[in-house]
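**Student:** how would this look folded up:
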Amino acid sequence: MNLPAFVLFNGLLLSAAICDVKAFRIPNVLSGSLALAGLVAHPPASWTEFLARLASVVIVVVVCGLMWTRRMIGGGDLKLLMACAVWIPVATLGGFAIWLGWLGAFQGLATLALLRWTPLASHAAASERARSQIPYGVSIAGAGLLWSLPALSL
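**Tutor:** Residues are numbered from 1 along each chain as shown. Predicted structure coming up:
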């Protein structure tokens, strides 16, 4: 991945994470832009790579789609993960998933600790929704950054 594609990929993921933290919502335009950028700014070098990325998208749609139907992840998270998969060949999808799992676990534990030790009444912005949801776009963005660092070619 060249530097402009790296910056675009991670910039869009950072924007999605910020939106998710602020409003518990990832705009469709960000996920759509990320998917389109994966084909335009970082096009597959061969049919083999195209098929490897397509396989990643199919795996993410099936696995994360099932998680979405069970309300384990939100629709915005699903769309953002599908957009990430456009960039990721199936051979490195496992590494992305491992980073995502670790970062998601850390984010979940940090959120629980914050809610445990911070009185809810002291924060006007905190709501019952904030107590029951985690902006998973943050973990997705972190996993994207950690996945893309070794892929960066300067």
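**Student:** count the neighbours of residue 57 for me.
**Tutor:** Residues contacting residue 57 under the criterion other Cβ atoms under 10 Å number 21. (Glycine included, C-beta is placed from N, CA and C.)
**Student:** contacting residues around the helix or strand hosting it?
**Tutor:** Following DSSP states H and E, one finds residue 57 within helix 47-69. Contacts with helix 47-69, where a contact means Cβ atoms under 8 Å, 6 or more residues apart in numbering, come from 38, 44, 73-75, 77-78, 81-82, 84-91, 93.
**Student:** now do stretch 73-83
**Tutor:** 13, 16, 20, 24-28, 30-32, 34-35, 38, 57, 60-61, 64-65, 67-68, 133, 136-137, 140.
**Student:** could you redo the last one with a cut-off of 7 Å?
**Tutor:** 16, 20, 25-26, 28, 31, 34-35, 57, 60-61, 64-65, 67-68, 136-137, 140 (Cβ atoms under 7 Å, 6 or more residues apart in numbering).
**Student:** in it, what's buried?
**Tutor:** 73-74, 76-83 (16 or more other Cβ atoms under 10 Å).
**Student:** from these, which land in helices?
**Tutor:** Among those, the residues falling in helices (DSSP state H) are 76-83.
**Student:** list just the nearest of the residues you listed to residue 151.
**Tutor:** Nearest to residue 151 among those, counting by Cβ to Cβ, is residue 83 at 16.1 Å.
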